[in-house]
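Novice: how does the following fold in three dimensions:
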Amino acid sequence: MSMTTNRSILIVHGRDFKPAESSLMEISLAALRAGVARDYPDSVDAFDSVSKDMAYYGDLTNQMLESFGKRYDPVLDEGDRRNALAALCAISQRKRFGIRQYDRLPGKSALREFVADILAPVLGAIGMTIPLIRWVSRDCAEYLVGTSGFAEDLRARVRDKLCDHLERGEKILLMTHGLGCLIAYDVLWELSHEEQYKDRIGDAKVDNWLMLGAPLGDMHIRKFLKGAKEKVEGRYPTNVISWDNVAAEDDYSCHDNTLADDFKKMMDQHLVSAVNDYRVYNLAVRYGKSNPHSSVGYYIHPRVSKIIVDWITSGSSGPASPQDNPR
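Specialist: This next block holds a predicted model:
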């Protein structure tokens with residue numbers, strides 16, 4: 001396969017404490033590459049030829065969480081991420097990323113997603129969404145309603161990286177996880193509707209937005225997003241061609257796991273070409289327990305590998321066919 005040019009994958013990580021940027025990028029790319037190598041070995045060279053970048057803000061979330069008295073061991077965290085990746089890499093066939101294997105994971109529980117499903121609508125109806133989020137994710141709550149400048153600092157990190165790639169005229173696969181999906185949404189809205197960015201990027205669009213464990217399905221969270229109070233023509237980002245939403249079973253952050261229904265008006269207004277929803281099983285184990293929100297578990301999943309390879313090979317000889325490696 002010929003080398004792929006002028007394509008970039010931009011990763012926006014999620015919430016909570018994060019190791020150093022270089023370590024997080026290395027682990028993330030290793031997981032993505034392992035998934036491609038497992039299912040599409042003939043596409044590994046093409047994957048390697050695509051530019052990869054990360055909009056990193058882990059230092060900001062680390063600092064914010066530590067200011068609230070939370071403790072973090074970066075050496076242990078990085079080691080556990082690598083252990084999770086090694087275990088996932090040992091799964092040699094894509095067909096093993098199913099419910100049978102998921103049900104065997106240690107500490108697997110649907111309780112947090114169940115609680116989110118039950119409590120989110122009730123508490124949202126009485127204005128208690130943010131207290132619930134603050135209880136689960138202090139950094140997410142600070143992003144949505146904080147007054148410290150934290151949210152703008154995070155958006156600036158993502159906006160600067162995204163604009164750099166758009167200015168170069170690249171075809172971009174924007175890959176966001178968890179909180180990173182909210183930040184990216186707000187940045188895309190800003191670039192779509194705020195005049196100060198028009199001179200910089202014009203009408204440039206993201207080719208594909210791949211969302212992993214996205215909280216965007218929660219109607220109460222959407223009320224805090226950029227453009228939420230605007231009329232239809234000004235409510236949504238207009239600079240993404242296709243969306244892919246991958247949501248894992250029992251991942252409480254995406255307890256409302258479909259987006260096509262929530263953003264149907266974008267399709268009706270011809271603001272996006274497609275919004276595709278996929279339900280998967282995340283087999284990551286962190287600190288000895290199942291963690292269905294784990295980024296490494298999403299990155300290495302066969303559905304994500306297929307989306308990446310289909311995007312890389314689009315415009316060439318057609319989508320690659322998956323292959324099972326021998327045990």
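Novice: show me what counts as buried in stretch 151-163.
Specialist: 151, 154-155, 157-159, 161-163 (16 or more other Cβ atoms under 10 Å). For glycine as for every other residue, the C-beta is placed from the backbone atoms N, C-alpha and C.
Novice: closest to residue 197 among those?
Specialist: residue 163 (7.3 Å; Cβ to Cβ).
Novice: ok, now how distant is the closest residue to residue 235 other than its chain neighbours from residue 310?
Specialist: Nearest residue to residue 235, sequence neighbours excluded (Cβ to Cβ, 6 or more residues apart in numbering): residue 227, at 4.7 Å. As judged by Cβ to Cβ, to the nearest Å, residue 227 and residue 310 stand 29 Å apart.
Novice: quick one: contacts of the longest strand anywhere in the chain?
Specialist: For the chain, the longest strand by residue count, based on DSSP state E, is strand 240-248. Strand 240-248 has contacts (Cβ atoms under 8 Å, 6 or more residues apart in numbering) with 174, 188, 205-214, 216-217, 254, 257-260, 263, 272-282, 292-293, 297-298, 301, 303-304, 307.
Novice: please repeat the previous calculation with a cut-off of 7 Å.
Specialist: 188, 205-214, 254, 257, 259, 272-282, 292, 298, 303-304, 307 (Cβ atoms under 7 Å, 6 or more residues apart in numbering).
Novice: check which residues of it are buried.
Specialist: 240, 242-248.
Novice: with respect to residue 45, which of those is nearest?
Specialist: residue 244 (23.3 Å).
Novice: who's that closest one bridged to?
Specialist: Note on residue 244: beta-bridge partners by DSSP bridges are residue 210, residue 276.
Novice: from residue 262, how far off is it?
Specialist: From residue 244 to residue 262 the distance is 15 Å (Cβ to Cβ).
Novice: do the same with residue 145
Specialist: 21 Å.
Novice: with residue 252 instead?
Specialist: Residue 252 is 18 Å from residue 262, by Cβ to Cβ.
Novice: neighbouring contacts of stretch 152-161?
Specialist: By Cβ under 7 Å, 6+ apart, the list of residues contacting stretch 152-161 reads 10, 12, 53, 55-57, 60, 143, 183-184, 186-187, 190.
Novice: repeat the analysis, applying 10 Å as the threshold.
Specialist: Stretch 152-161 is contacted by residues 8, 10-12, 53-61, 64, 139, 142-143, 146, 149, 174, 176, 179-180, 182-184, 186-188, 190-191, 197, 200, 226 when judged by Cβ atoms under 10 Å, 6 or more residues apart in numbering.
Novice: strands - which of those land there?
Specialist: Per DSSP E, the contacts of stretch 152-161 map to strands at 8, 10-12, 53-55, 174, 176.
Novice: so where do the strands sit in the chain?
Specialist: Under DSSP E, the chain gives strands at 7-12, 51-55, 171-177, 206-212, 240-248, 274-280, 285-286, 289-290.
Novice: what's the distance between stretch 140-155 and the middle of its chain?
Specialist: 18 Å (Cα atoms, centre = their mean, to the nearest Å).
Novice: and it, how far apart are its ends?
Specialist: Length of stretch 140-155, first residue to last, Cα to Cα, to the nearest Å: 13 Å.
Novice: what average pLDDT does that stretch get?
Specialist: Stretch 140-155 shows a mean pLDDT of 92.
Novice: please tell me I have it right and residue 198 contacts residue 190.
Specialist: No - using Cβ atoms under 10 Å, residue 198 is not in contact with residue 190; the gap is 11.1 Å.
Novice: who's more crowded, the two?
Specialist: residue 190 (16 against 12; other Cβ atoms under 10 Å).
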